[in-house]
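Asker: make a model of this:
(2 chains)
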Amino acid sequence: MVNKQNRVSAIFAALADPTRRRIMVRLSERGETAVTALAKPFRISPPGFSKHLRVLEKAHLIQRHRQGRLHLIRARSAGLKEAQKWMAQCAAFWDSRFDQLNEVLQSEQRKEKKR
Amino acid sequence: MNSDLEITGSRMQITRVFDAPRERVFDAWKRPDLMARWSGCKETAKVEITMDFRVGGSFTQKMDIDGAGQHTITGVYDEIIEPQKIAYHVNLGPATTRVVVEFIAQGRRTKVVLTQEGFPDPSIVKMVSTGTLESLDKLERLLLAQAA
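Answerer: Model prediction:
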């Protein structure tokens, strides 16, 4: 569960950056894209751009593979799905806590009536 | 699920109406002895709570969870308006999750609206205010559509 939480944190941290969000949007519109073509509209140095890609890759939001001399990048949906799943898990966690909170409130109320 | 749930983008909102007056519901978040009785999930055997209930104060919840071992959550209170609102954040490694709990009186009952966002700060504030969160929603839909 801790590892999973770290993965989800990595996804959110990766997407918190506006440049990386733009990279993701561009990728999702274009499908698989070569790194050089992907980097074109961004005014960032190649090392800077690679750094952003590494963050996205570590968060499992993109996948890269080589085709000869080309480095191709593709968006992965599994990462976002995982983030959504985590939200749903949090909700289920709160829901079960709220059930217990409800019981505590009811029992406090009963105690009060007895007094 | 006994609560109402809404998930939009990276934001989760859960709502529940409790059959108790607002002060009492607020107390259950304010008093560690009460909180220990309802914190943790069904699998939680034991909960230990420490809290310094003031803005800037921190809290810890140490939980023994069956099959998952011991978990400790540490958070810091960002805003407290008694008996209406509590806001805090919890660090999860590189990211921060923010929780806002609102207590709305409805006669003798109380509606609790809990909003949780899992984003590193302070970008979330910026994103929400500039509407870029919408682009994230769009991205999410696009990617999910691609996967389908």
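Asker: quickly list what B:Ala105 is bridged to.
Answerer: B:Thr110 (DSSP bridges).
Asker: counting contacts, what elements does the longest helix along chain A pack onto?
Answerer: Counting by DSSP state H, the longest helix found in chain A is helix A:78-114. With contacts defined as 3 or more C-beta pairs under 8 Å, 6 or more residues apart in numbering or on different chains; DSSP states H and E, helix A:78-114 has these neighbours: helix A:2-15, strand B:4-8, strand B:11-18, helix B:22-30, helix B:32-38, strand B:109-118, helix B:132-147. For glycine as for every other residue, the C-beta is placed from the backbone atoms N, C-alpha and C.
Asker: in the fourth one, what counts as buried?
Answerer: Neighbour-count burial for helix B:22-30, with 16 or more other C-beta atoms under 10 Å in any protein chain shown as criterion, is recorded at B:Arg22, B:Arg24, B:Val25, B:Phe26, B:Asp27, B:Ala28, B:Trp29, B:Lys30.
Asker: tilt between it and strand B:11-18?
Answerer: For helix B:22-30 against strand B:11-18, the angle by axes from the mean of the first three to the mean of the last three C-alpha atoms, to 10 degrees is 130 degrees.
Asker: which other residues reach helix B:22-30?
Answerer: If you take C-beta atoms under 8 Å, 6 or more residues apart in numbering or on different chains as the criterion, helix B:22-30 is touched by A:101, A:104-105, A:108-109, B:18, B:34-35, B:38, B:53, B:82-84, B:86, B:101, B:103-105, B:110, B:112.
Asker: redo that, cut-off 7 Å
Answerer: A:101, A:104-105, A:108, B:18, B:34-35, B:38, B:53, B:82-83, B:86, B:101, B:103, B:105, B:110, B:112 (C-beta atoms under 7 Å, 6 or more residues apart in numbering or on different chains).
Asker: and that helix, average pLDDT?
Answerer: Mean pLDDT, helix B:22-30: 93.
Asker: and the angle for it with helix A:78-114?
Answerer: Using the same axes, to 10 degrees: helix B:22-30 against helix A:78-114 is 120 degrees.
Asker: now do the third one
Answerer: Orientation of strand B:11-18 against helix A:78-114 (the same axes, to 10 degrees) gives an angle of 20 degrees.
Asker: worst-scoring helix or strand of chain B, pLDDT-wise?
Answerer: Least confident helix or strand of chain B, by mean pLDDT, DSSP states H and E, is helix B:123-130 with a mean of 37.
Asker: average pLDDT for the longest helix of chain A?
Answerer: The predicted model gives helix A:78-114 an average pLDDT of 80.
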